[in-house]
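Visitor: quick one, structure for this:
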Amino acid sequence: MNDAAAVRQIIGITYEQQTVTPAEGDSFESRIVIGETISAGDGTYALSTGQFSDEVIVLALENYGITWLPSRALEVGDRIRPTQPNQNGYVYEITLAGDSGTTEPTWIIPSGDDDTMTIGAATATALPIYWSLAHAPIVPASID
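Guide: Model (predicted):
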């Protein structure tokens, strides 16, 4: 699953540290976030780096959700993950709001068309986890 295309948050960070001078205080060296976007479902993205043209680090971040807790209100769109390391390779997105219940569920591995489960009083769909990625150094290219 790690090499599959997925919708991810994309963040561009300066590859080399830059001098930062806050309004008050001494200057210091730090990497700086220079752009953010969301990739398309096929994994493609366009990340604006403004006038910055030096090498950047590009991070593609996956939403692993929040850890399951008892008696938590779950809203549609929330992503939940098991309390123990997830050997299944899935997160669970809430499709019908409800309380998480008092007992952690047995987390499913989808089979065929069966990819839904209950988490307490809520309903969720199992979604594959795509590992976060980093690429560097990348030189920004102008897109006209």
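Visitor: for the rest of this, base every contact and every neighbour count on C-alpha atoms.
Guide: Fine.
Visitor: the chain: strands as residue ranges?
Guide: Taking DSSP state E to define them, one finds strands in the chain at 9-14, 18-20, 28-30, 33-38, 56-61, 66-67, 73-74, 79-81, 90-96, 98-99, 116-119, 122-128, 133-138.
Visitor: contact partners of the third one?
Guide: Contacting residues not belonging to strand 28-30 are listed as Gln17, Gln18, Thr19, Val20, Thr21 [C-alpha atoms under 8 Å, 6 or more residues apart in numbering].
Visitor: what's the closest residue to Gly101 other than its chain neighbours in contact with, if anything?
Guide: What sits nearest to Gly101 in space, not counting adjacent residues and going by C-alpha to C-alpha, 6 or more residues apart in numbering, is Gly120, at 3.9 Å. Applying C-alpha under 8 Å, 6+ apart to Gly120 gives the contacts Gly98, Asp99, Ser100, Gly101, Thr102, Thr103, Pro105.
Visitor: Arg81 and Asp26, how far apart?
Guide: Here Arg81 is placed at a distance of 42 Å from Asp26 (C-alpha to C-alpha, to the nearest Å).
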